[in-house]
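Chemist: Everything below, folded, please.
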Amino acid sequence: MKKPILLVILIALFFNSVVKSQTLKTGGKLPSIKYSECLNRKLSGDYFKNKTLILDFWATWCGPCVTGLPHFNELAKKYANDSVLFISFTNDKIENVKKFLQNHEMSSICLVDAENQTWNGFGITSLPTGAIIDKTGIIKWVGSTADLTTANISTYLQKNTIPKTMEEKGIAVEKRKQEIMQKIESLQNNNTYLFSTTKLNTSKKTFITWNLDNEDSAQRYLYVINVPLIDFVTLNMNSYDSIRTRVINPEKGNFNIEVSYSAPKDLFKSHEDNIVNNLAVIYNFSYKKIMEHTKCNELMVVDSVPLNNAKQENDEEGGVFGEKDVLSIQNYTLEDISSEIEFNMHEIFVLKNEILGNYNMKLDASSKEKLIESLHKYGLGLIETEKDIEMFEMEFH
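Modeler: Next up is the predicted model:
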């Protein structure tokens, strides 16, 4: 069972396989723009010269990137012209991006850097990353693409000045990233198990995850900041093949935490099981496995033809991405799809029969009725029933 992706507003996801410093610096010169293919425009060799560039570095597997795509589309439609270009840059495989664009609108210029020439030149270590480049090729701003708001873009284009709040936030984010990178670098070859957590004075559902799994390092490191405690525990229950958690006295656990842990690669998975134990001691909760006879939704195949049409025929890595209440699912089994629906609908969903194969689907999870309509397009149906369901009971003391 794959771990569900926690879909919340304004998630910032950081993932890097090679530790390196960020070379995309405010005030610096724009590195050379190189790309393998432009998927929605015909561009000449000097197309970017003497133009303002609004950049978004993204990936098809990055949930926050996909969630922010409609807003970047709106910006491109409103402000793009012959002298202002909105560019979406990805280093995904070309075939993956083409498949993604079949189900997603992209109003910006879509450039694929399959050989990582521009990616490495810019030193991209986090996604989504946004940047503003002026007509002379000077980098005016770097930060999260989420901060490329309508107000900020409008101010820059009218006054040729980065709003102060936007500039300060970009500097703060960069400083925090550098602090995390230094911490990661110090742990890369530590070859020990380390765990730490801190209770935070915020309940905003905006969190950052940094996952280091460097091929050249014997150590793996995971850092999460500003994640709700109960959500984090629920996700980590996947080590027991369960995402069903009943919480007693949830108000006592209604706060966010920072968590970091590191372990040798070959032992990381086994140490992962200790995370919930550590959190239970520190934040004073207990948990146990229980069986409960309860209402649930049974997912079944009613028409195999549309389902077979949605089948994915390769071994590419799967993912689930959210656009408001829509789940864009790529290369998942029906069991994993059922788990994702359950996590987002907050009801129990089970698969009636085991069905082999991986599938691509786009499901509307805004309501039960919309979900049933979406499932019907893929030959799937739902019935309400009752079953004995295994879950974890979490109680705060």
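Chemist: Could I get the full set of helices for the chain?
Modeler: 63-79, 94-101, 117-122, 150-159, 164-187, 229-236, 268-272, 274-283, 304-309, 334-345, 368-377 (DSSP state H).
Chemist: which one of the ones you listed is the most hemmed in?
Modeler: Each of the helices of the chain was scored by mean neighbour count; the highest is helix 334-345, a mean of 21, by mean count of other C-beta atoms under 10 Å. Bear in mind the C-beta positions are built from the backbone N, C-alpha and C, glycine included.
Chemist: Out of the helices of the chain, flag the one nearest Y47.
Modeler: Y47 sits nearest to helix 117-122 of all those, at 14.2 Å, using C-beta to C-beta.
Chemist: can you list contacts of the closest one?
Modeler: With C-beta atoms under 8 Å, 6 or more residues apart in numbering as the test, helix 117-122 has contacts from 23-24, 31-35, 57, 89, 91, 111, 113, 131.
Chemist: what do you get if the cut-off is 6 Å, keeping everything else the same?
Modeler: For helix 117-122, contacts defined as C-beta atoms under 6 Å, 6 or more residues apart in numbering pick out L24, P31, I33, K34, N91, D113.
Chemist: What is the nearest of those to K99?
Modeler: Looking across the contacts of helix 117-122 and measuring by C-beta to C-beta, the closest to K99 is N91, at 15.8 Å.
Chemist: Tell me, how many residues neighbour the closest one?
Modeler: 22 (other C-beta atoms under 10 Å).
Chemist: Contacts only, for it.
Modeler: Listed by C-beta under 6 Å, 6+ apart, the contact set of N91 reads D113, N116, W119.
Chemist: try Y79
Modeler: Y79 neighbours (C-beta under 6 Å, 6+ apart): I153.
Chemist: Pull out the buried members of the contacts of helix 117-122.
Modeler: L24, P31, I33, N91, D113 (16 or more other C-beta atoms under 10 Å).
Chemist: Tell me the one among the residues you listed nearest to E179.
Modeler: Nearest member of these to E179, counting by C-beta to C-beta, is L24, at 17.8 Å.
Chemist: Just the pLDDT at that closest one, thanks.
Modeler: Confidence at L24, expressed as pLDDT, is 62.
Chemist: now swap in N236 and tell me
Modeler: Looking at N236, its pLDDT reads 73.
Chemist: again, but for the one 3 residues further on
Modeler: With respect to pLDDT, S239 has a value of 50.
Chemist: quick one on the thing from earlier: tabulate the buried ones among the contacts of helix 117-122 in a markdown table, adding columns for distance to H71.
Modeler: Shown next, in a markdown table, are the buried ones among the contacts of helix 117-122 (distance: C-beta to C-beta, whole Å):
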| residue | distance to H71 |
| --- | --- |
| L24 | 21 |
| P31 | 26 |
| I33 | 23 |
| N91 | 22 |
| D113 | 22 |
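Chemist: Flag the least confident of the residues you listed.
Modeler: The lowest pLDDT within these belongs to L24, which sits at 62.
Chemist: okay, and for the stretch 1-150 of the chain, where does confidence drop off?
Modeler: For the stretch 1-150 of the chain, the stretches with pLDDT under 70 are 1-24.
Chemist: ok, back up a step: got the helices of the chain as JSON lines, with distance to R246 columns?
Modeler: Formatted as JSON lines, the helices of the chain follow (distance: least, C-beta to C-beta, whole Å):
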{"stretch": "helix 63-79", "distance to R246": "26"}
{"stretch": "helix 94-101", "distance to R246": "37"}
{"stretch": "helix 117-122", "distance to R246": "44"}
{"stretch": "helix 150-159", "distance to R246": "42"}
{"stretch": "helix 164-187", "distance to R246": "34"}
{"stretch": "helix 229-236", "distance to R246": "10"}
{"stretch": "helix 268-272", "distance to R246": "22"}
{"stretch": "helix 274-283", "distance to R246": "15"}
{"stretch": "helix 304-309", "distance to R246": "32"}
{"stretch": "helix 334-345", "distance to R246": "14"}
{"stretch": "helix 368-377", "distance to R246": "21"}
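Chemist: now for these, which one comes closest to S44?
Modeler: helix 117-122 (17.4 Å).
Chemist: my guess is N236 contacts I275, does it?
Modeler: Yes - between N236 and I275 there is a contact at 5.4 Å, judged by C-beta atoms under 6 Å.
Chemist: What is the nearest of the buried ones among the contacts of helix 117-122 to S83?
Modeler: Taking these together and measuring to S83 by C-beta to C-beta, the closest member is I33, at 16.4 Å.
Chemist: roughly how far apart are S304 and Y359?
Modeler: 12 Å (C-beta to C-beta, to the nearest Å).
Chemist: same question, P128
Modeler: Counting by C-beta to C-beta, the gap from P128 to Y359 is 26 Å.
Chemist: S374 now?
Modeler: 13 Å.
Chemist: can the contacts of helix 117-122 go into JSON lines with extra columns for distance to P70?
Modeler: Output for the contacts of helix 117-122, formatted as JSON lines (distance: C-beta to C-beta, whole Å):
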{"residue": "L24", "distance to P70": "25"}
{"residue": "P31", "distance to P70": "28"}
{"residue": "I33", "distance to P70": "25"}
{"residue": "K34", "distance to P70": "28"}
{"residue": "N91", "distance to P70": "22"}
{"residue": "D113", "distance to P70": "23"}
